[in-house]
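[1] One predicted model, sequence on top.
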Amino acid sequence: MEPVFMVRPWKRTAEVRGEGPVVIVATRLELARLRHIPRFLRWSMSVRRQLLRSDGALGVGLYALPWKRTYYTVSAWRDEPSIRRFTQASPHLEIMARFPEVSPDGGIFRRWTVDAGSLPPKWSETIARLDSQPAPSSPAG
């Protein structure tokens, strides 16, 4: 892997009790221009704060390659309803509506299930899953 400009290490939001399945949500976001980085970082920190206080969220991390305009996020959730509540609430909902302003491709989104005892997710696995397919031609959500 190449040098990374910024990593926000895994931040646990809740104690994981016992074993059992949890849902991992990962994204690869590619910005159209370097000038979009400040806006994207403001947005991502706002969404991160939302996630850190969201019911059902277990943790979150960010891995950045800004000179490539590429950003990876990963989060863990107790269940799908928790993810839906998060994505349908502010500020995530409004930011995703505006995201095509900075990333016309919309990014790549993946979900998979792991055992709670394996948290936090490994960046190598997360990035491999996200990079295994090219970016879509239209936004995903």
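    Yes, it's here.

[2] Report the helix or strand with the lowest average pLDDT across this structure.
    strand 6-12 (a mean of 82; mean pLDDT, DSSP states H and E).

[3] So what are the sheet partners of it and their directions?
    Strand 6-12 has the following strand partners under DSSP bridges: strand 57-65 (antiparallel).

[4] quick one: the strands in this structure?
    Using DSSP state E, the strands of the chain run over residues 6-12, 21-30, 57-65, 70-77, 108-115.

[5] need the longest helix for the chain.
    helix 37-52 (DSSP state H).

[6] D55 touches R84, doesn't it?
    No: assessed by CB atoms under 8 Å, D55 is found out of contact with R84, at 11.6 Å. All C-beta spots, glycine's among them, are computed from the backbone N, C-alpha and C.

[7] overlap in contacts of these two?
    Counting by CB atoms under 8 Å, 6 or more residues apart in numbering, no residue touches both D55 and R84.

[8] Would you convert the strands of the chain into TSV that also reports mean neighbour count and distance to L93?
    Below are the strands of the chain laid out as TSV (neighbours: other CB atoms under 10 Å; distance: least, CB to CB, whole Å):
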stretch	mean neighbour count	distance to L93
strand 6-12	13	22
strand 21-30	20	15
strand 57-65	21	16
strand 70-77	23	16
strand 108-115	14	15
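
[9] In TSV, list those strands along with distance to E101.
    Below are the strands of the chain laid out as TSV (distance: least, CB to CB, whole Å):
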stretch	distance to E101
strand 6-12	22
strand 21-30	13
strand 57-65	19
strand 70-77	15
strand 108-115	18
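
[10] looking at the ones you listed, which one has the lowest mean pLDDT?
    When those are compared on mean pLDDT, strand 6-12 scores lowest, with a mean of 82.

[11] who touches that one?
    By CB under 8 Å, 6+ apart, strand 6-12 touches 48, 52, 58-64, 66, 119-121.

[12] picking up where we left off before, for the least confident helix or strand of the chain, output the C-alpha coordinates as PDB.
    Only the C-alpha atoms of strand 6-12 are listed here, as PDB (Å, rounded to 0.1, in the frame of the first residue of the first chain):
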ATOM      1  CA  MET A   6      -4.800  10.600   6.900                       C
ATOM      2  CA  VAL A   7      -6.300   7.800   8.800                       C
ATOM      3  CA  ARG A   8      -9.000   8.200  11.400                       C
ATOM      4  CA  PRO A   9      -8.500   5.100  13.400                       C
ATOM      5  CA  TRP A  10     -11.400   2.900  14.400                       C
ATOM      6  CA  LYS A  11     -13.600   4.700  16.900                       C
ATOM      7  CA  ARG A  12     -15.800   2.300  18.900                       C
END
